[in-house]
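Peer 1: Just the structure for this:
(one chain, ligands or ions: 1)
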Amino acid sequence: MIGLENASVTFGSRTIFRNISFRVPKGRSMAILGPNGRGKTTLLRALLGFQSLASGRRFAPKVAGYVPQHGASQAKLTGLDIVVMGRAVQLGLFGQPTAKDREAAEGALVQVGACHLADMRYDRMSGGQRQMVLIARALATGSPALVFDEPTSALDLGNQSRTLQLLDSLRLRREFAIIFTTHDPNHALAAADDVLLMMPDGGEVSGPVHEMIEPGKLSTLYGVPMRWVDVQGPVGEIRRAILPAFAGIEAA
Ligand SMILES: Nc1ncnc2c1ncn2[C@@H]1O[C@H](COP(=O)(O)OP(=O)(O)OP(=O)(O)O)[C@@H](O)[C@H]1O
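Peer 2: Below you'll find the predicted structure:
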């Protein structure tokens, strides 16, 4: 389980959020949505213990798999080296990775379909390739808690699709408590059971995805009208997507 209870974070005199409570049990996946600068990354950092709480408490396992928004590195490390770092807690302060740690790291690369990145230099990878390696690193921790900060934000549509499928397959394993932030409500529909909306007025609402992802709440969240649109799936089935009013405008 991972969550916060009556948690608040302040920077100087500024309150980013106040008295937030939520719990994501093992087997559930929760998406967090909110406008830019509302405090989504700060909330994840507070959850993981990287950001101190002004009040309240957090619940998280000692080690969580964390995929940060920006995973840049100048170090000359391979994809496999980065994934092995996920084993840091098992290694201890001066421990060297064993064959078992390398095996776990290779297994994590297999799970995300990124074996081909094992020997590639991480600092030479594209954003999408790095994303896969960082997700593998999170899995290699062996933690039942996985936290992703905007996992699709830097990705092209093909990689967004693959990452969403991966997030959903992790959700369906029901072995992890998963939290991810996103700016696309359709991504919450595609890969989350529950949603936390960080509203622009400072309040939060949370609940099952189909209660939270609807035009009324999202229009308030983003300050633009939202609507359901029918779209055709790959085998002709009709699906619903939720889009802002500007979707479909043609400038010329
Ligand atoms: N260490 C810090 N010191 C002071 N202010 C900070 C610090 N970290 C974040 N902030 C501020 O807290 C607010 C919330 O930032 P945060 O990055 O959590 O927002 P976000 O919802 O993740 O934004 P985005 O959607 O743009 O990624 C911002 O105004 C940011 O400038």
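
Peer 1: Helices of the stretch 101-250 of the chain, residue ranges please.
Peer 2: Under the criterion DSSP state H, counting those that start in this stretch, the stretch 101-250 of the chain contains helices at 127-140, 157-173, 185-191, 209-212, 215-222.

Peer 1: Figure out which of the ones you listed is closest to the ligand.
Peer 2: helix 215-222 (11.4 Å; C-beta to the nearest ligand atom). C-beta coordinates here come from the backbone N, C-alpha and C atoms, glycine included.

Peer 1: Next, see if the closest one gets close to the ligand.
Peer 2: No. Helix 215-222 stays clear of the ligand (C-beta under 6 Å from any ligand atom), getting no nearer than 11.4 Å.

Peer 1: Give me the helices and strands touching that helix, please.
Peer 2: strand 226-232, strand 238-244 (3 or more C-beta pairs under 8 Å, 6 or more residues apart in numbering; DSSP states H and E).

Peer 1: Pick the most buried one from these.
Peer 2: Mean neighbour count (mean count of other C-beta atoms under 10 Å) peaks for strand 238-244 among the helices and strands packed on helix 215-222, with a mean of 14.

Peer 1: got the CA coordinates for that strand in PDB?
Peer 2: Provided in PDB are the C-alpha atoms of strand 238-244 (Å, rounded to 0.1, in the frame of the first residue of the first chain):
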ATOM      1  CA  ILE A 238     -17.000   2.000 -30.600                       C
ATOM      2  CA  ARG A 239     -15.000   3.500 -27.800                       C
ATOM      3  CA  ARG A 240     -15.500   6.800 -26.000                       C
ATOM      4  CA  ALA A 241     -12.700   9.300 -25.700                       C
ATOM      5  CA  ILE A 242     -12.800  12.500 -23.700                       C
ATOM      6  CA  LEU A 243     -11.600  15.600 -25.600                       C
ATOM      7  CA  PRO A 244     -11.300  19.300 -25.000                       C
END
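
Peer 1: That one: partners in the sheet, and parallel or antiparallel?
Peer 2: strand 226-232 (antiparallel) (DSSP bridges).
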